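Asker: below are the sequence and a predicted model; questions follow.
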Amino acid sequence: MAVVWNKHLVLGLVLGFCLVFSLGELERFVESPKADGSLAFLVVGDWGRRGNYNQTEVARQMGIIGEKLDINFVVSTGDNFYEDGLTGVDDPAFKESFVNIYTHSGLQKQWYNVLGNHDYRGNVEAQLSPILKKVDSRWLCLRSFVVNAEIVELFFVDTTPFVDEYFREPKAYDWSGVLPRKPYLSNLLKDVDLALKESRAKWKIVIGHHPIKSAGEHGSTAELIAQLLPIIQANSVDLYINGHDHCLQRISTSDSPIQFLTSGGGSKAWRGYVSWPNPEELKFYYDGQGFMTLQVTEAHIDVVFYDIEGHVRHHWSV
């Protein structure tokens, strides 16, 4: 049930420092901006490979930049554990791909994670379990939720159940909590729409694993274009951020004011593939490993893409 926003209406304590509030059916977490009202965070996706494919090197640069910017938190765009998610809460992959990799002091902040399609190939409830927080207090993974940081709100959306092909593949997916699919998606879209409508933040950012628009190997997601894009356009969303394609990119199309950003270079990257019909709309594309940072104030958002050596590959502001 929706409630009027009130910082002093505390419904519960989550993660030691985040407050959780009711907002439609989506859980809501609160992050406090810095003393000057600004906010900074990292975005990385498609990373969980036990340090392989340069995951460790990307993590090191994330730590260096994270410490320099004094980030508030880290966002993961999904595919947290390859190839098939976690087998359970005691799966050693959690430590081998997360705890033992992101050890830099600059990364000892809250992590907000969404599920990717590879995570759905494992035990989804394991990733969602609060037991993992006891292993590493930074971890938070939910299907869909909201993070409010006053000047900006982040809306995390569970995109994997939208994609038709996963329901046709012989590979097993863990659809517990999703089936029946039609009402799950219908309720999710209503909840996202309500949360966006109730937002009073200056900036609105929607985050999911799958791209709405992408020049990468997977390309744009037709189901999201048909079902999610109309909602986020109607609610004046500024950025849509995703992973899934193992690259870094920014697309700005003539038919939408939304910037489409991909940060899926956390480990294994795809080199040599790029396809977009209008080159003028593809503002940046890098088919290597890396991550993204966002610095947010009342007046502007600064987006920077970094490669595996910590070099700036692209900088954009709005």
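Answerer: Cool, the structure landed. Numbers count the residues shown, from 1 in each chain.
Asker: which SSE is Val58 in?
Answerer: Secondary structure assignment for Val58, by DSSP states H and E: helix 55-69.
Asker: what comes up buried for that helix?
Answerer: By neighbour count with 16 or more other CB atoms under 10 Å, helix 55-69 contains the buried residues 55-56, 58-66, 69. (Each C-beta comes from the backbone N, C-alpha and C, glycine too.)
Asker: with just CA atoms, put it into CSV.
Answerer: The C-alpha atoms that make up helix 55-69 are tabulated as CSV, following Å, rounded to 0.1, in the frame of the first residue of the first chain:
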residue,chain,number,x,y,z
GLN,A,55,37.5,-9.4,-13.3
THR,A,56,40.1,-8.8,-10.7
GLU,A,57,41.8,-6.0,-12.7
VAL,A,58,38.4,-4.3,-13.3
ALA,A,59,37.7,-4.6,-9.5
ARG,A,60,41.0,-2.9,-8.7
GLN,A,61,40.3,0.1,-10.9
MET,A,62,36.8,0.3,-9.5
GLY,A,63,38.3,0.5,-6.0
ILE,A,64,40.8,3.2,-6.9
ILE,A,65,38.1,5.4,-8.6
GLY,A,66,35.6,4.6,-5.9
GLU,A,67,37.9,5.8,-3.2
LYS,A,68,38.8,8.9,-5.2
LEU,A,69,35.2,9.8,-5.6
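Asker: list the contacts of the following helix or strand past it.
Answerer: Counting by DSSP H and E, the next helix or strand C-terminal to helix 55-69 is strand 73-76. Applying CB atoms under 8 Å, 6 or more residues apart in numbering, the set of residues contacting strand 73-76 from outside is 31, 41-45, 47, 62, 66, 102, 107, 109-114, 138, 147, 154, 207, 241, 243.
Asker: now do 7 Å
Answerer: 31, 41-45, 107, 109-114, 207 (CB atoms under 7 Å, 6 or more residues apart in numbering).
Asker: closest one of those to Arg200?
Answerer: Glu31 (15.6 Å; CB to CB).
Asker: and the closest one, what is it in contact with?
Answerer: Per CB under 7 Å, 6+ apart, neighbours of Glu31: 18, 72-73, 147, 149.
Asker: highest neighbour count among the residues you listed?
Answerer: Counting neighbours by other CB atoms under 10 Å, Val147 comes out on top of the contacts of Glu31 with 24 neighbours.
Asker: thinking that one is in contact with Leu140, fair?
Answerer: No - using CB atoms under 7 Å, Val147 makes no contact with Leu140, being 9.4 Å away.
Asker: intersection of neighbour lists for those two?
Answerer: With CB under 7 Å, 6+ apart, Val147 and Leu140 have common neighbours Tyr112.
Asker: quick one: end-to-end length of stretch 113-131, please.
Answerer: 15 Å (CA to CA, to the nearest Å).
Asker: same question for stretch 70-88.
Answerer: With CA to CA, one end of stretch 70-88 sits 33 Å from the other.
Asker: TSV for the contacts of strand 73-76, including distance to Thr253?
Answerer: Below are the contacts of strand 73-76 laid out as TSV (distance: CB to CB, whole Å):
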residue	distance to Thr253
Glu31	30
Phe41	25
Leu42	26
Val43	20
Val44	25
Gly45	21
Leu107	33
Lys109	33
Gln110	32
Trp111	30
Tyr112	27
Asn113	28
Val114	23
Ile207	19
